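Trainee: Using only what follows, build the 3D model:
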Amino acid sequence: MRITPARRIAGVTAAAATAVIAFAVPAFAHVTVQPGTAQQGDYTAVAFRVPDESDTASTVKLEVNLPMDHPMASVRVLPLPGWTAVLEKSKLDKPLKSHGQDITEAVSKITWTADGSAKIAPGQFQEFKVSLGALPADTDKLTFKALQTYDNGDIVRWIDEAKEGQAEPAHPAPTLTLTKAPAAAGDHHGGAVGAASAGASQDDKADNQAAKSSDSTARTLGVVGIVVGVIGAALGVAGLRRKSSGTAS
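Mentor: Numbers count the residues shown, from 1 in each chain. I've put the predicted structure just below:
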């Protein structure tokens, strides 16, 4: 059978469209952390966004593993109607310091399970919100390996870690990027501020010394003036007495 140019073009177009969809759907269907960034050392609220990527099955359970190499003292979930959340804790090799207390265990896993009809149906997504803190200050990312379970028994493991310079894995683990805290306002100019303050102190000291010196000079001149005045008065009285004595003679 002869294939016409029109059929050939249609076939190529269909294949290209299929390839585009094949690449686009997995990227859209990723389980992710929203927002994707937070500040080191801070407390934050994030949402694990879970889309249902099946055409026929619904998502009924989500398991999120927290990184125990960077544990957090405070982990709380926001209640979600129709879902039950269970937090599991694990012992820490090294206690965490939090508000002056030693924390010996931390949440290592959160499991959300749908109750009854509360499922993530095909074409839908759901957000599971969590409060975390304090975020570690010695790493630039936190990786949360997650398992998504469907009502037909299928389990999708979002556990692959992306590596720099390589293509994104098929099932990347949700990742939260951590940014450094902004520098304090006076950090870069502290030396200049300190120098200015020191200079101002020296100027104030010099002004005080000059004021004291002027005050002392004024007092000295005042005393000298009084003494001169007394001497002048005494001389005047003595002259009057002599003049009076000469007239009487």
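
Trainee: Can you report how many residues lie near residue 99?
Mentor: 8 (other CB atoms under 10 Å). In short, each C-beta sits where N, CA and C put it, glycine included.

Trainee: Residue 117 now?
Mentor: Neighbours around residue 117, by other CB under 10 Å: 8.

Trainee: Apart from its neighbours in sequence, what residue is nearest it?
Mentor: Distance criterion CB to CB, 6 or more residues apart in numbering; nearest residue to residue 117, sequence neighbours excluded, is residue 82 at 7.4 Å.

Trainee: What does that neighbour show for phi and psi?
Mentor: Note on residue 82: backbone dihedrals following degrees, to the nearest 10 are phi 90, psi 0.

Trainee: how about the helices of this structure, start to end?
Mentor: Assigned by DSSP state H, the helices in the chain fall at 5-28, 190-248.

Trainee: pLDDT score assigned to the residue nearest to residue 117?
Mentor: Here the pLDDT value assigned to residue 82 is 97.

Trainee: For it, list the residues it contacts.
Mentor: Contact analysis of residue 82 by CB atoms under 8 Å, 6 or more residues apart in numbering lists 114, 115, 116, 117, 118.

Trainee: can you list the domains in the protein?
Mentor: 29-179, 198-240 (automatic domain parsing).

Trainee: Tell me the spacing between the residue nearest to residue 117 and residue 95.
Mentor: Per CB to CB, to the nearest Å, residue 82 is found 37 Å from residue 95.

Trainee: In this structure, which strand is the longest?
Mentor: Longest strand in the chain, counting residues (DSSP state E): strand 83-98.

Trainee: Give the partner strands of that strand in its sheet and their orientations.
Mentor: The strands that strand 83-98 pairs with in its sheet are strand 101-114 (antiparallel) (by DSSP bridges).

Trainee: Okay, buried residues for the strand it pairs with please.
Mentor: For strand 101-114, the neighbour count (16 or more other CB atoms under 10 Å) marks 106, 107, 108, 109, 110, 111, 112, 114 as buried.

Trainee: about what we covered before: deepest-packed of the domains of the chain, please.
Mentor: Across these, the average number of neighbours (mean count of other CB atoms under 10 Å) peaks for domain 29-179, which reaches a mean of 15.
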